[in-house]
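**Q** Build the 3D model from these lines:
(one chain, ligands or ions: 1)
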Amino acid sequence: MTENKHGKVLVFDSGMGGLTVAREIQALAPALSVDYAADSGFFPYGDKSDDALRERLPYIAKKLADAARPDVFVIACNTASTLALEDVRAVLDIPVVGTVPAIKPAAALTQTGVIGLLATPGTVRRAYTAKLIEDFASQVRVISHGSVELVRMAEQTASGEALTMDAFRVAQAPLFEAERGDEIDTIVLACTHFPLIRGELAATVPHAVTFVDSGEAIARQTMRVLPDRPASAERGGHVWLSSTPDHQKRLVEVCRRFGFMDVRELKEE
Ligand code: DGL
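**A** Predicted structure coming up:
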């Protein structure tokens with residue numbers, strides 16, 4: 001069921017991953033204005049140190065919010081949210097929606113009691129992620145694998161580059177090679193890039209599994225926090241980049257395919 005909500009939402013990620021969240025928001029609320037932002041000058045987040053991201057995220061979020069003037073700021077990135085959601089909230093005066101790895105729904109879904117967690121190395125090592133597992137999956141075996149390579153493969157695939165199926169099989173193999181890996185029946189796509197390659201991942205698992213992600217839950221949460229009287233009347237459809245669009249031709253093309261036509265560069269001092 002769609003919602004007839006108005007206002008402007010800015011969906012933010014390091015690169016193309018947040019587009020998978022933007023499309024869930026647009027599907028749920030087609031009348032909403034949506035802008036997209038990629039911190040392309042700092043991509044990828046998955047292998048950055050916690051200190052570097054903690055310094056970067058409130059800074060870039062404030063700059064983007066000042067430039068795009070959204071009613072809601074959506075951090076469509078597990079790596080950023082699990083580290084710096086509160087730091088971003090502290091510098092913005094609008095609602096901020098974060099991305100929580102879908103560990104709770106996966107733990108409710110598993111029949112075998114073994115789930116896989118596919119994320120970036122950053123998300124895998126977070127205390128936030130450990131707490132989610134403790135709170136919602138303590139009775140379940142969670143096998144985690146962090147991969148920046150899969151993030152890059154997702155961007156390559158979305159850009160139309162044909163990778164071999166074997167590359168996808170190899171990239172997720174550590175999940176299944178771990179102890180009780182052969183019992184995994186549910187995999188959490190805890191990186192917003194990974195729904196871009198859901199088909200490739202599904203085609204190269206050694207046995208049938210269900211993939212779950214947070215996209216729809218983020219869209220519903222965005223509707224919940226959207227102000228009744230949104231301040232922004234501006235139409236959406238812009239994409240904000242923190243590097244020059246010339247250096248990001250592939251990203252620009254993919255954003256356009258998702259409906260973000262008007263490219264704007266976010267100048268950094
Ligand atoms: N899309 C981001 C996430 O959900 C991470 C990608 C990156 O490493 O930059 O974690």
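**Q** Any stretches of this structure with poor pLDDT?
**A** 232-233, 269 (pLDDT under 70).
**Q** So which bits of it are right by the ligand?
**A** When proximity is defined as Cβ under 6 Å from any ligand atom, the chain approaches the ligand at 13-15, 17, 43-46, 77-79, 120, 123, 148, 151, 191-193. All C-beta atoms are positioned from the backbone trio N, CA, C, and that covers glycine.
**Q** ok, now with 8 Å
**A** Contact residues, the chain versus the ligand (Cβ under 8 Å from any ligand atom): 13-15, 17-18, 43-48, 76-81, 99, 119-120, 122-123, 148, 151, 190-194.
**Q** so of those, which ones are in helices?
**A** In this view, the residues of the chain next to the ligand that belong to helices under DSSP state H are 78-81, 122-123, 148, 151.
**Q** Just the closest of these to Val91, please.
**A** Distance to Val91 across those (Cβ to Cβ) is lowest for Ala80, with 13.5 Å.
**Q** That closest one: neighbour count?
**A** For Ala80, the neighbour count with other Cβ atoms under 10 Å is 31.
**Q** Ok, Asp166 next?
**A** Asp166: 9 neighbours (other Cβ under 10 Å).
**Q** and the gap between Arg69 and the ligand?
**A** 24 Å (Cβ to the nearest ligand atom, to the nearest Å).
**Q** Correction: the previous question concerned Gln139.
**A** Per Cβ to the nearest ligand atom, Gln139 is found 26 Å from the ligand.
**Q** Helix, strand or coil: sort out Leu132 for me.
**A** helix (DSSP: H, G, I helix; E, B strand; the rest coil).
**Q** need the contact list for it.
**A** Counting by Cβ atoms under 8 Å, 6 or more residues apart in numbering, Leu132 touches 100-101, 103-104.
**Q** circling back: mind putting the ones in helices among the residues of the chain next to the ligand in a markdown table, distance to Val9 included?
**A** Listed next are these as a markdown table, based on distance: Cβ to Cβ, whole Å:
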| residue | distance to Val9 |
| --- | --- |
| Asn78 | 18 |
| Thr79 | 20 |
| Ala80 | 16 |
| Ser81 | 16 |
| Gly122 | 24 |
| Thr123 | 23 |
| Val148 | 27 |
| Val151 | 23 |
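**Q** from the residues you listed, which two are the most distant?
**A** Greatest spacing in those, by Cβ to Cβ: Ser81 and Val148 (17.1 Å).
**Q** Give me the more crowded residue out of these two.
**A** Set side by side, Ser81 and Val148 show more neighbours around Ser81, with 26 against 18, by other Cβ under 10 Å.
**Q** dump the residue contacts of that one.
**A** Contacts of Ser81 by Cβ under 8 Å, 6+ apart are 75, 98-100.
**Q** For this protein, just list every one of the strands.
**A** 8-13, 33-38, 72-75, 96-97, 114-119, 141-146, 186-189, 210-212, 238-241, 262-265 (DSSP state E).
**Q** ok so, going back, out of the contacts of Leu132, which sit inside helices?
**A** Per DSSP H, the subset of the contacts of Leu132 in helices is 103-104.
**Q** got a winner among the contacts of Leu132 for most neighbours?
**A** Highest neighbour count within the contacts of Leu132, by other Cβ under 10 Å: Pro101, with 27 neighbours.
**Q** what's near enough to touch Ile75?
**A** Neighbours of Ile75 in contact, by Cβ under 8 Å, 6+ apart: 12-13, 61, 81, 85, 88, 96-99.
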